[in-house]
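In: Test case, fold it:
(4 chains)
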Number of protein chains: 2
Amino acid sequence: MGVATSDFLSGPALPPAMSTLVADRLREMITRGVLAPGERLKETELAESMSVSRGPVREAISILERDGLIELQRHRGARVITLTYDDIEEVYSLRLAIERLAMERCAARITAETLAAMDEVIARMKALTGPHESGDHVALDLEFHDLVYEAADHTRLRRSWELLRGQVSMFLNARTDREDFRSSAWSEHAELREVLAAGDPAAAATAIEKHIGWTLRRIRQMRDTDLDQPAAGPLSGPGPEGKTGL
Amino acid sequence: MGVATSDFLSGPALPPAMSTLVADRLREMITRGVLAPGERLKETELAESMSVSRGPVREAISILERDGLIELQRHRGARVITLTYDDIEEVYSLRLAIERLAMERCAARITAETLAAMDEVIARMKALTGPHESGDHVALDLEFHDLVYEAADHTRLRRSWELLRGQVSMFLNARTDREDFRSSAWSEHAELREVLAAGDPAAAATAIEKHIGWTLRRIRQMRDTDLDQPAAGPLSGPGPEGKTGL
DNA sequence: TGATTGCACATTGTCAACAAGAAACAATTT
DNA sequence: AAATTGTTTCTTGTTGACAATGTGCAATCA
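Out: Numbers count the residues shown, from 1 in each chain, chains lettered A, B, ... in the order given. Below is the predicted model of the structure:
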């Protein structure tokens, strides 16, 4: 983290755009289940509650639609997506395809700094024993994989990951509450770290196939049994109707 | 094409949104090189020339930014991207990763209708001999691969392809004018069609690795020689400055 | 003459009002 | 009573004006 050179020269000096702030807040609310699947996002309502006009809200909604977190229907507004197991199968099969590339490139470019950052994340995972805030498990899991994508040094690959990340987060947050999907077993990520440290792209690809493949197979099992059931419901909040506090 | 059942019931009854129309027009102009890399897109100017207000233009620009065709800088506006060989390497390496998945799924789900559509595209490719409109070659090439993604029946995969498609188009359009990058050899696509018809996912994956891998290797060669040169310049039009007719 | 500072212009970010379409409800008809 | 139709209300799509920021030129000073 701490870059030595004066932060105020490199950092974005200008206040971040309203639209991104709004989008970030909404994304957080959606992935953590505060806004339930199916719930409608009304522009006026959001604009009011965030003390901003409809313009930025509209852009934020457009961003979230790109991230695959909400569905847009012309003249009918935006709703939080409902993830079925078919959807999750899509997310994870695509994730496997792109993360293979990410791991290959990460292994080829890995630096001591990245490895250190990974170690730190793994240490924090290890520290989380027992039934802690499940959100923390998920956050750390994703943080690790963010590092992989970052180290892969591939702009378009990172953007593709952004397309999936929110939906993965949604799924994991909903899952780890109910049953253990063993999403953040620290030892698995430690294994990934070791393979990356070795610097062998082929081995890294194999490792991620194992890591994600396990979940993917499990998802396919669920899909074939609980046919068409939503895979990521609200944590505990209300259903499609009923205001969830903004 | 011709679906028997009344088209006016199935099709989108409502006029398409202005923003998508604007986006489509701009995308076409960018990928075909009418708008040169580096050229600025001024909201007011575009709004005026398309007889629409700045709102829809702004949304269109946001869409094109998502497609990776333009770069946005806060308070500094939008410019058409300049594709270096490093960029193209990114595009094609990622394309290989996702199209592998597309081919696998396509092979597993292929229908007679899809095969027929592919045959039709291949026939049109075959018909284009000699130095025809190079744009047509590129368009047919992409059309074939669109069919693959369509048949793969995977929403998120298709969206990832949309993220790359415009940049692939930009690159091919710029390339085929100068030297033959053999982008649309009909026989290659005929081979892909045959593999898909056989219905073997593994074979399909291997086939696309060969198909795209060839170009990818060639791109890496170019990158390592013509270091940092733009890979997709304007066809013939003016550079960053100078109005290119709207 | 060269660099720097201040000012005017151009362009984007944001806002508030208007127009068009969709959803919910009530009245009407069979 | 059920279904249909017309009306009202709500929400989004679009527009034009205003505020904030960046850019380039010109005047000023060393």
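In: Low-confidence ranges, chain A, go.
Out: The model of chain A has pLDDT under 70 over residues A:1-15, A:129-134, A:176-184, A:226-230, A:233-246.
In: can you do 90?
Out: In the predicted model of chain A, residues A:1-17, A:32-33, A:126-137, A:173-186, A:222, A:224-246 satisfy pLDDT under 90.
In: Helices along that one, start to end?
Out: A:7-10, A:18-31, A:43-49, A:54-66, A:85-109, A:112-127, A:134-152, A:155-178, A:186-198, A:201-225 (DSSP state H).
In: Now do the fourth one against helix B:54-66, angle only.
Out: Spelled out, it's helix A:54-66. With axes from the mean of the first three to the mean of the last three CA atoms, to 10 degrees as the criterion, the two stretches helix A:54-66 and helix B:54-66 enclose an angle of 30 degrees.
In: who does helix A:54-66 touch, helix- and strand-wise?
Out: Contact analysis of helix A:54-66 by 3 or more CB pairs under 8 Å, 6 or more residues apart in numbering or on different chains; DSSP states H and E lists helix A:18-31, helix A:43-49, strand A:70-73, strand A:77-80, helix B:54-66 as its packing neighbours. In this view, the C-beta of every residue, glycine as well, is placed from N, C-alpha and C.
In: So for A:Thr114, which of the ones you listed sits nearest?
Out: Checking the helices and strands packed on helix A:54-66 against A:Thr114 by CB to CB gives helix A:18-31 as the closest, at 24.7 Å.
In: next one: that closest one to chain centre, how far?
Out: On the basis of CA atoms, centre = their mean, to the nearest Å, the separation between the geometric centre of helix A:18-31 and that of its chain is 13 Å.
In: Quick check: residues of chain A near chain B?
Out: Applying CB under 8 Å from any CB of the partner chain, we find that chain A lies next to chain B at A:14, A:17, A:58-59, A:62, A:66, A:68, A:74-75, A:90-91, A:93-94, A:97-98, A:100-101, A:154-157, A:159-160, A:163-164.
In: Spit out the contact partners of the residue nearest in space to the middle of chain A.
Out: Centroid-nearest residue in chain A: A:Arg165, 3.0 Å away (criterion: CA atoms, centre = their mean). Remark: with contacts taken as CB atoms under 8 Å, 6 or more residues apart in numbering or on different chains, A:Arg165 is in contact with A:Asp67, A:Leu142, A:Asp146.
In: Tell me the one of these nearest DNA strand D?
Out: A:Asp67 (17.3 Å; CB to the nearest atom of the strand).
In: quick one, what contacts the closest residue to that closest one other than its chain neighbours?
Out: Closest residue in space to A:Asp67, ignoring its immediate chain neighbours: A:Gly166 at 4.8 Å, by CB to CB, 6 or more residues apart in numbering or on different chains. For A:Gly166, the residues meeting the contact criterion (CB under 8 Å, 6+ apart) are A:Arg27, A:Ile30, A:Thr31, A:Leu64, A:Asp67, A:Gly68, A:Leu69.
In: again with A:Arg27
Out: By CB under 8 Å, 6+ apart, the contact set of A:Arg27 is A:Leu64, A:Asp67, A:Leu69, A:Gly166.
In: Quick one: neighbours of the third one, just the number.
Out: Going back to what we said before, that points to A:Leu69. Each residue near A:Leu69 was counted by other CB atoms under 10 Å in any protein chain shown, and the total is 26.
In: Relative to A:Ile208, how far out is it?
Out: Per CB to CB, to the nearest Å, A:Leu69 is found 24 Å from A:Ile208.
In: List, one by one, the residues from chain A near DNA strand D.
Out: Contact residues (CB under 7 Å from any atom of the strand) of chain A with DNA strand D: A:13-15, A:40-44, A:54-55, A:58, A:72, A:74-78.
In: which ones among these come in contact with DNA strand C?
Out: Restricting the residues of chain A next to DNA strand D to those near DNA strand C - CB under 7 Å from any atom of the strand - leaves A:Arg54, A:Gly55, A:Arg74, A:His75, A:Arg76.
In: Could you identify the pair within the residues you listed that is furthest apart?
Out: Greatest spacing in those, by CB to CB: A:Gly55 and A:Arg76 (19.9 Å).
In: coming back round to it: and the contacts of A:Arg27, which is closest to A:Asp136?
Out: The nearest member of the contacts of A:Arg27 to A:Asp136, counting by CB to CB, is A:Gly166 at 17.5 Å.
In: got a list of what the closest residue to DNA strand D within chain A touches?
Out: Nearest residue of chain A to DNA strand D (CB to the nearest atom of the strand) works out as A:Gly77 at 3.1 Å. Listed by CB under 8 Å, 6+ apart, the contact set of A:Gly77 reads A:Arg40, A:Leu41, A:Lys42, A:Glu43.
In: hang on, the earlier thing: among the helices of chain A, show me which one is buried the most.
Out: The densest packing among those, expressed as mean neighbour count by mean count of other CB atoms under 10 Å in any protein chain shown, is seen in helix A:85-109 with a mean of 22.
In: my guess is A:His137 meets A:Lys126, correct?
Out: No: judged on CB atoms under 8 Å, A:His137 makes no contact with A:Lys126 at a distance of 11.5 Å.
In: Run a quick neighbour tally on A:Thr111.
Out: The criterion is other CB under 10 Å. On that basis, A:Thr111 has 10 neighbouring residues.
In: Please report phi then psi for it.
Out: Its backbone dihedrals place A:Thr111 at phi -120, psi 170, with angles given as degrees, to the nearest 10.
In: what's the nearest residue to it if we skip its chain neighbours?
Out: Using CB to CB, 6+ apart and skipping residues adjacent in sequence, the residue nearest A:Thr111 is A:Ala151, 7.2 Å away.
In: Nearest residue to A:Thr44 in space, please, no chain neighbours.
Out: A:Arg54 (6.6 Å).
In: Quick check: that neighbour touching A:Glu45?
Out: No: distance between A:Arg54 and A:Glu45: 10.2 Å, which falls outside the contact criterion (CB under 8 Å).
In: Pull up the residues of chain A that are close to DNA strand C.
Out: A:Ala17, A:Met18, A:Ser19, A:Val52, A:Ser53, A:Arg54, A:Gly55, A:Pro56, A:Glu59, A:Arg74, A:His75, A:Arg76.
In: one more time with 6 Å, if that's ok
Out: Contact residues of chain A with respect to DNA strand C, defined by CB under 6 Å from any atom of the strand, are listed as A:Ala17, A:Met18, A:Ser19, A:Val52, A:Ser53, A:Arg54, A:Gly55, A:Pro56, A:His75, A:Arg76.
In: residues contacting the third one?
Out: Read that as A:Ser19. Going by CB under 8 Å, 6+ apart, A:Ser19 touches A:Gly55, A:Pro56, A:Val57, A:Glu59, A:Ala60, A:Ile63.
In: okay, among those, which ones form the most distant pair?
Out: Pairwise over the contacts of A:Ser19, using CB to CB, the maximum falls at A:Gly55 and A:Ile63, 13.1 Å.
In: Walk me through the domains of chain A.
Out: Residue ranges for the domains of chain A, per automatic domain parsing: A:16-81, A:84-230.
In: Before I go, just wanted to say thanks for your time.
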